[in-house]
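Participant: The following comprises the amino acid sequence and a computationally predicted model.
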Amino acid sequence: MAASTMNRQGMAPIAPSRSKGSSQFAHFCDLYHQRLDALTLAKQLIHMIKAVQRHRGMTMGTLGGNQQFRDELSHLQVQLERRLELLQAFSARSIDLLSPRDQENLSNAWLTISRDWQEDAVIDNYELHCHLIEQLLSMVAALGKQLEQPTSQSMPEVVEPKIIHADETLYPNRFKYLEVLHFATRLMPAVAEQIGRIRALATYASALGYCDKDFASKLRYVIQCTRVNNEKLRHQTKRLEGLLDSDLSLLGQLKSYEIKLEFLLSMVESDVVNAHQINADSNRLFSLATDIIDVYLKVVDEGVQLLTQWHEQDIEVWVQSY
């Protein structure tokens, strides 16, 4: 029996120390979960953005005289309250992701929007929604910044020679990861918000049957911005298609939705901004814009899911780096 416990050199095998390096593993787990929480929180923020955008379009349509949004608005306001509470619950998991001040600012902004919105001036309603969405977009971008460095490359061991070139060898998805991260946390949400602003302004004007100079000016500006940024989005989509193969299955749909978007922009220009008398159907404008926004934000969702998948693979990167 004694011989069986001896190795070929005649020495007893050495059991690994349970304490050796345990702090490194604990630190890796902390970093890993923090990034996983950040990805989850980013996804919840995107869902919140989508709901606030929808609320803005519906309230402005209602203020313009279209009462068909009222029933859905009541349901949407309850959903938004729950989303805000859920966001705070996710934030509580990690104090470094969304500060108490950020949470308070979100709560106050939503309270200001939702309280007696029927009595608000239309421009105030619009600007308050835009301000809240800008806050949410800024939070998503800040989370994206935190996620730029993979967990395995944030560990102290990164200085070791074997890990210096982790980008090219141990972490082959590194370049793709950064491209998708920028696409999902900055570029695509920003374009979706510009379309959301067009939806809100055009829905109001078409419901009212009139577009004054201020609203026409706002629409022209946001239409111009949308065209410029959607062109950037188109080039980035082509790059991602070449990099990702079929990892983002919805990318292919964006080509057809570029055509839908241009149709929407042309319709708003001709039937709302430049029309002497507006006969455009506010429900049709709202629905067309909503269809485009929903697909754009589904691509964001899929992008965050892909980032999460790569993040999980980072465990293997770190384990194999020794």
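Facilitator: Arrived safely.
Participant: hmm, which helix or strand of the protein has the shakiest average pLDDT?
Facilitator: Ranking every helix and strand in the chain by mean pLDDT, DSSP states H and E puts helix 161-164 at the bottom, with a mean of 41.
Participant: Can you name the element that comes right after that one?
Facilitator: Later in the chain than helix 161-164, the nearest helix or strand by DSSP states H and E is helix 174-182.
Participant: Please save the CA atoms from that next one in PDB.
Facilitator: Output in PDB follows, covering the C-alpha atoms of helix 174-182 (Å, rounded to 0.1, in the frame of the first residue of the first chain):
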ATOM      1  CA  ARG A 174     -11.000  40.000 -28.600                       C
ATOM      2  CA  PHE A 175     -11.300  42.100 -31.800                       C
ATOM      3  CA  LYS A 176     -14.800  40.900 -32.500                       C
ATOM      4  CA  TYR A 177     -15.800  41.500 -28.900                       C
ATOM      5  CA  LEU A 178     -14.800  45.200 -29.100                       C
ATOM      6  CA  GLU A 179     -16.600  45.700 -32.400                       C
ATOM      7  CA  VAL A 180     -19.900  44.100 -31.100                       C
ATOM      8  CA  LEU A 181     -19.500  46.000 -27.800                       C
ATOM      9  CA  HIS A 182     -19.400  49.400 -29.500                       C
END
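Participant: tell me which residues of it are tucked away?
Facilitator: Judged by neighbour count using 16 or more other C-beta atoms under 10 Å, the buried positions of helix 174-182 are Arg174, Lys176, Tyr177, Leu178, Glu179, Val180, Leu181, His182. The C-beta positions use only the backbone N, C-alpha and C, and glycine is treated the same way.
Participant: Flag the shaky bits of this structure, pLDDT-wise.
Facilitator: Scanning the chain for pLDDT under 70 picks out 1-21, 153-172, 321-322.
Participant: Show me the residue sitting in the middle of it in space.
Facilitator: For the chain, Ile46 is the residue whose C-alpha lies nearest the centre (C-alpha atoms, centre = their mean; 4.1 Å).
Participant: What residues does it make contact with?
Facilitator: For Ile46, the contact set (C-beta atoms under 8 Å, 6 or more residues apart in numbering) comprises Val140, Pro189, Leu297, Val300, Asp301, Val304.
Participant: Inside helices: which ones of the residues you listed?
Facilitator: Val140, Pro189, Leu297, Val300, Asp301, Val304 (DSSP state H).
Participant: how about the residues you listed in CSV, adding neighbour count?
Facilitator: Shown next, in CSV, are the ones in helices among the contacts of Ile46 (neighbours: other C-beta atoms under 10 Å):
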residue, neighbour count
Val140, 24
Pro189, 24
Leu297, 20
Val300, 24
Asp301, 15
Val304, 23
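Participant: CSV please, covering those and showing distance to Leu251.
Facilitator: Formatted as CSV, these follow (distance: C-beta to C-beta, whole Å):
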residue, distance to Leu251
Val140, 20
Pro189, 16
Leu297, 14
Val300, 12
Asp301, 13
Val304, 14
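Participant: any idea which helix or strand carries Leu307?
Facilitator: With DSSP H and E as criterion, Leu307 is part of helix 282-319.
Participant: Check Glu258 too.
Facilitator: helix 253-268.
Participant: can you check Val191 too?
Facilitator: Assigned by DSSP H and E, Val191 belongs to helix 188-208.
Participant: tell me the angle that helix makes with helix 282-319.
Facilitator: Comparing the axes of helix 188-208 and helix 282-319 via axes from the mean of the first three to the mean of the last three C-alpha atoms, to 10 degrees yields an angle of 170 degrees.
Participant: right, and the helix or strand after helix 188-208?
Facilitator: As assigned by DSSP H and E, the chain's next helix or strand after helix 188-208 is helix 213-244.
Participant: Return the angle between stretch directions for that following helix and helix 174-182.
Facilitator: 160 degrees.
Participant: Give me the buried stretch members for helix 213-244, please.
Facilitator: Under 16+ other C-beta under 10 Å, the buried positions of helix 213-244 are 215-216, 218-219, 222-223, 226, 229-230, 233, 236-237, 240-241, 244.
Participant: Who are the packing partners of that helix?
Facilitator: helix 174-182, helix 188-208, helix 253-268 (3 or more C-beta pairs under 8 Å, 6 or more residues apart in numbering; DSSP states H and E).
Participant: name the helices or strands packed onto the longest one?
Facilitator: Packed against helix 188-208, as judged by 3+ C-beta pairs under 8 Å, 6+ apart, are the following elements: helix 22-63, helix 122-146, helix 213-244, helix 253-268, helix 282-319.
Participant: tilt between it and helix 122-146?
Facilitator: Using the same axes, to 10 degrees: helix 188-208 against helix 122-146 is 170 degrees.
Participant: what does the shortest one give?
Facilitator: Here the directions of helix 174-182 and helix 122-146 differ by 160 degrees (the same axes, to 10 degrees).
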